[in-house]
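> Next input, structure requested:
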Amino acid sequence: MTFYEQLVLQSQQSFQSNYPIYAQGKTPIKLSTKRQDSYETQIEKFSQMINEAEYIVIGGASGLSAAGGGDFYYTDTPSFYENFGKFSKKYVFKGAFAGMQYPFPNRETYWGYLATFLHTTLNAPIRQPYHDLAAILNDKNFDIVTTNQDTQFIKTFDEDKVSEIQGDHRYFQCSNACTDDVWDATESIEQMIEAMGDDTQIPTELIPHCPHCGAEAFPWVRGYGNFLEGKKYQAEYTKISNALLKHQGAKTLFIELGVGRMTPMFIQEPFWTLSYNLPNANYISVNRDNAFIPEQIENKGLAIQNDIAKVLHDVRNQIVEIKNGK
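Presented below is the predicted three-dimensional model:
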């Protein structure tokens, strides 16, 4: 088991033991009650911490993509109706994730929806917060760990800098996990979308199957089925683990962007542990709804509760002003 995976496992155990607390949107970790600075001061400090850091670790979760317009996952936003309207109208559900759990009448319709879901994320343009983040990280030494499966990070950054520890919409796996292999899903998705047209179901013969055992394929993502924790999964954890171990003596800045309250174990709590244990580490949380910072690291970081897109845009502009001597 890799170094970072051990941190995640510890956090998962805490999550299970304290689930009622997490379910209320809270945390069992004692949080800082220290009065936060004004927003303008926080942006100045954020920018200064970026400039002073020798190494930066980004932890990106669903709130980051949502801030850029990828907000169709949980409710009936305009982007949800734009991309999933024909399914919502016919089957009456709200939010793309609700569609993933919907009892469609047959596998052809299920795959029609699933292909639409994957096609939507894979073909989405790079969202503005990712452009701003790329500008902020320009000329910096950094790595990224993400629970997002929507490929926004690997569209924006070199793939060797990104650890996708919860899967990737570009790949299929065997639904029975009969093999350690994952394989490219993009061509199959395009074929399903083209064949479906304005309908809500695909031809039976286009339902993808495992080339080894013949079982239905499934997207290589955690959350809806038998997620394969094989070679690809281990490679993603090895990537971020090796990067952290390589830089453990550096002046490191951990930046957590958009972690939800039901998945703190993959990014948020490992970042808290690392920020506390590494003497040269600092931490920043940016979250629209809940920006938490533990009491133990309250003097090592910031908690900015605001729109992530606005924060990253303002930090980008602040860094430009600093470079220009303003």
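
> list the contacts for Ser188?
Ser188 makes contact with 172, 206, 208, 217, according to CB atoms under 8 Å, 6 or more residues apart in numbering. Every C-beta, even on glycine, is put in place using the N, C-alpha and C of the backbone.

> farthest-separated two in these?
Greatest spatial distance in the contacts of Ser188: Phe172 and Leu206, 12.9 Å, computed using CB to CB.

> Counting neighbours, go ahead and name the busier of the two.
Taking neighbours as other CB atoms under 10 Å, Phe172 and Leu206 compare with Phe172 leading, 25 against 18.

> Shouldn't the more buried one be within a strand?
Yes - judged by DSSP: H, G, I helix; E, B strand; the rest coil, Phe172 forms part of a strand.

> Distance of it relative to Ser163?
20 Å (CB to CB, to the nearest Å).

> Which residue ranges of the stretch 201-326 of the chain form strands?
Secondary structure of the stretch 201-326 of the chain (DSSP state E, counting those that start in this stretch): strands located at 217-221, 252-257, 281-287, 301-305.

> of these, which approaches Val8 most closely?
Closest to Val8 of the strands of the stretch 201-326 of the chain, according to CB to CB: strand 252-257, at 14.1 Å.

> Direction included, what does that closest one pair against?
When sheet partners are counted by DSSP bridges, strand 252-257 sits next to strand 55-60 (parallel), strand 281-287 (parallel).

> what angle do it and strand 301-305 make?
Angle of strand 252-257 versus strand 301-305, following axes from the mean of the first three to the mean of the last three CA atoms, to 10 degrees, is 10 degrees.

> So what's the gap between stretch 58-67 and the chain middle?
Relative to the centre of its chain, stretch 58-67 is centred 5 Å away, using CA atoms, centre = their mean, to the nearest Å.

> for stretch 192-203, that is, sorry about that
Put simply, stretch 192-203 sits 29 Å off its chain's centre (CA atoms, centre = their mean).

> Can you name the residues that contact the nearest residue to Thr121 once chain neighbours are set aside?
Excluding its sequence neighbours, the residue lying closest to Thr121 (CB to CB, 6 or more residues apart in numbering) is Asp150, at 4.1 Å. By CB under 8 Å, 6+ apart, the contact set of Asp150 is 65, 70, 121, 124, 169.

> hmm, back to that, can you lay out the contacts of Ser188 as CSV showing pLDDT?
Shown next, in CSV, are those (pLDDT from 0 to 100):
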residue, pLDDT
Phe172, 97
Leu206, 98
Pro208, 98
Ala217, 96
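
> out of those, which one sits closest to Lys323?
Distance from Lys323 was checked for each of these by CB to CB. The minimum falls on Phe172, at 44.3 Å.

> which residues does that closest one contact?
182-185, 188, 208, 217-220.

> Sort the residues you listed by pLDDT and name the bottom one.
Least confident entry in the contacts of Phe172, by pLDDT: Phe218, with 93.

> mind listing what's buried in stretch 219-234?
219-222, 225, 227-228, 232-233 (16 or more other CB atoms under 10 Å).

> what's the answer for stretch 47-57, then?
In stretch 47-57, counting by 16+ other CB under 10 Å, buried: 47, 49-50, 53, 55-57.

> Can you give the distance of that stretch from its chain's centre?
On CA atoms, centre = their mean, the centre of stretch 47-57 falls 21 Å from that of its chain.

> next one: stretch 70-90
With CA atoms, centre = their mean, you get 20 Å for stretch 70-90.

> quick one: contacts of that stretch?
Here stretch 70-90 makes contact (CB under 8 Å, 6+ apart) with 62, 66, 69, 93-97, 99, 112-113, 116-117, 120-121, 124, 127, 150, 152, 198, 200.

> Just the buried subset of those, please.
Buried among these by 16+ other CB under 10 Å: 62, 66, 69, 93-97, 99, 112-113, 116-117, 120-121, 124, 127, 150, 152, 200.
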